[in-house]
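Peer 1: return atomic coordinates for the entry below.
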Amino acid sequence: MGNPKSQALLTGVAGAWLAYDMATSRETPSMALSVLQWVILAGCVIGFIGAMKQWLGGADREPG
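Peer 2: Here you go, the predicted structure:
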């Protein structure tokens, strides 16, 4: 696995950008695009939570 800090940063930024893009959209997307955006946003949130759990749980610390 990668570094939990960078995973948390990347998924947080991607999720925030997607949420902002969805909230400020002036056009209504098609149903397929809307579902895809929500699925990707859910993946970002799940990835962010998982990375934070790894980071705060000490998964990247050296034993000893």
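Peer 1: which residues does the most centrally placed residue in the chain contact?
Peer 2: Among the residues of the chain, the one closest to the centroid is Cys44, at 2.2 Å (Cα atoms, centre = their mean). Applying Cβ atoms under 8 Å, 6 or more residues apart in numbering to Cys44 gives the contacts Thr11, Gly12, Ala14, Gly15, Leu18. To be clear about C-beta, it is placed using only N, CA and C from the backbone, and glycine gets the same treatment.
Peer 1: now do Val45
Peer 2: Contacts of Val45 (Cβ under 8 Å, 6+ apart): Thr11, Gly15.
Peer 1: quick check: which element contains it?
Peer 2: helix 31-57 (DSSP states H and E).
Peer 1: and that helix, what's its mean pLDDT?
Peer 2: In this model, helix 31-57 carries a mean pLDDT of 93.
Peer 1: check the offset of it from the chain's centre.
Peer 2: On the basis of Cα atoms, centre = their mean, to the nearest Å, helix 31-57 sits 4 Å off its chain's mean C-alpha point.
Peer 1: buried residues in that helix?
Peer 2: Across helix 31-57, burial judged by 16 or more other Cβ atoms under 10 Å covers Gln37, Leu41, Cys44, Gly47, Phe48, Ala51, Met52, Gln54, Trp55.
Peer 1: and the last one, how far is that from Thr11?
Peer 2: What that stands for is Trp55. 12 Å (Cβ to Cβ, to the nearest Å).
Peer 1: how many neighbours does the closest residue to the residue nearest to the centre of the chain other than its chain neighbours have?
Peer 2: Nearest residue to Cys44, sequence neighbours excluded (Cβ to Cβ, 6 or more residues apart in numbering): Gly15, at 3.4 Å. As a burial measure, Gly15 scores 19 neighbours (other Cβ atoms under 10 Å).
Peer 1: ok, the one 10 residues further on next?
Peer 2: Neighbour count of Ser25, defined by other Cβ under 10 Å: 11.
Peer 1: over to the one 4 residues further on?
Peer 2: Neighbourhood size, Pro29 [other Cβ under 10 Å]: 12.
Peer 1: so what's the backbone phi/psi at it?
Peer 2: Backbone torsions for Pro29, taken as degrees, to the nearest 10, come to phi -70, psi 160.
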